[in-house]
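Would you be able to build a 3D model of this:
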Amino acid sequence: MITFDLRQCQITLEELFRAARSEPVLIVTEEGQRYILEAADKFDREVAELGRSQEFMDFLAEQEVGGISIEEIEQRLRPLAKEAHDPQAPEKYPAVDPTTQAAIEKLEQGIVAERRGQWPIATAHYRQVLEHYPHAPAAILDRARAGLESAQLREVEWLLNERAWLLNEREQLREERERLREERERLRQG
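Residues are numbered from 1 along each chain as shown. Here you go, the predicted model:
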């Protein structure tokens, strides 16, 4: 993953898109917010591959956050979300005020980002639910708190894995540099 910190450098949109063609790009704004830019077709392929992976599907089925499974939360929120998107639903479900609707949408965005492995984005959405909608229904706030904790832990795990990978790459470069020095020395002597 390529990282562009806009607090330290300026980059054009064309340069961002060019970089995103080869691999995902992490963009850090001047305010410190983090965004990920990735080619849509690559993401679609990854989703399709993960969807065919029984091991990954089993992993998702086992995931529980804060003692409530994602499926249970979705089941609880489905009537609220349906009301928010279906004008014919008022007779079936209680009315949802615009604030609760906005909290549901932001929570859904967090869940989608979390499922995609976009931990910084998920973290931002969950934080927004907690900070901007403190009077939302308890189920929404509970899921946002649990999601925030989970996303932060996974983000730290991802960063540690990234660091380990970079350290490994650095070690491999050192070994290659040493091998090239030895080869150069051998060629000088030979």
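
Tell me which stretches of the protein form strands.
2-5, 25-28, 34-37, 64-65, 68-69 (DSSP state E).

Output those as CSV; include the columns distance to L187.
Bear in mind the C-beta positions are built from the backbone N, C-alpha and C, glycine included. CSV is the format used below for the strands of the chain (distance: least, C-beta to C-beta, whole Å):
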stretch, distance to L187
strand 2-5, 36
strand 25-28, 40
strand 34-37, 44
strand 64-65, 59
strand 68-69, 63
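
Using JSON lines, lay out those strands together with mean neighbour count and distance to Q101.
JSON lines is the format used below for those (neighbours: other C-beta atoms under 10 Å; distance: least, C-beta to C-beta, whole Å):
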{"stretch": "strand 2-5", "mean neighbour count": "14", "distance to Q101": "34"}
{"stretch": "strand 25-28", "mean neighbour count": "18", "distance to Q101": "29"}
{"stretch": "strand 34-37", "mean neighbour count": "16", "distance to Q101": "24"}
{"stretch": "strand 64-65", "mean neighbour count": "16", "distance to Q101": "22"}
{"stretch": "strand 68-69", "mean neighbour count": "14", "distance to Q101": "21"}
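
Out of those strands, which gets nearest to T12?
strand 2-5 (10.7 Å; C-beta to C-beta).

Any idea how far that closest one is from the middle of the chain?
16 Å (C-alpha atoms, centre = their mean, to the nearest Å).

re earlier: can you tell which of the strands of the chain is closest to P137?
That would be, of those and by C-beta to C-beta, strand 68-69, which comes in at 13.5 Å.

per-residue confidence averaged over the closest one?
For strand 68-69, the mean pLDDT works out to 61.

again, but for stretch 172-188
Average pLDDT, stretch 172-188: 91.

excluding its backbone neighbours, what's nearest P120?
R34 (4.1 Å; C-beta to C-beta, 6 or more residues apart in numbering).

residues contacting the one you found?
Neighbour list for R34: L26, I27, V28, P120, I121, A124 [criterion: C-beta atoms under 8 Å, 6 or more residues apart in numbering].

what bridges to it?
R34 has these beta-bridge partners by DSSP bridges: V28.

Could you measure from it over to P98?
Distance, R34 to P98, by C-beta to C-beta, to the nearest Å: 28 Å.

One more: V129?
Taken as C-beta to C-beta, the span from V129 to P98 is 15 Å.

neighbour-wise, which of these two wins?
For V129 versus P98, neighbours defined as other C-beta atoms under 10 Å are more numerous around V129 (26 against 8).
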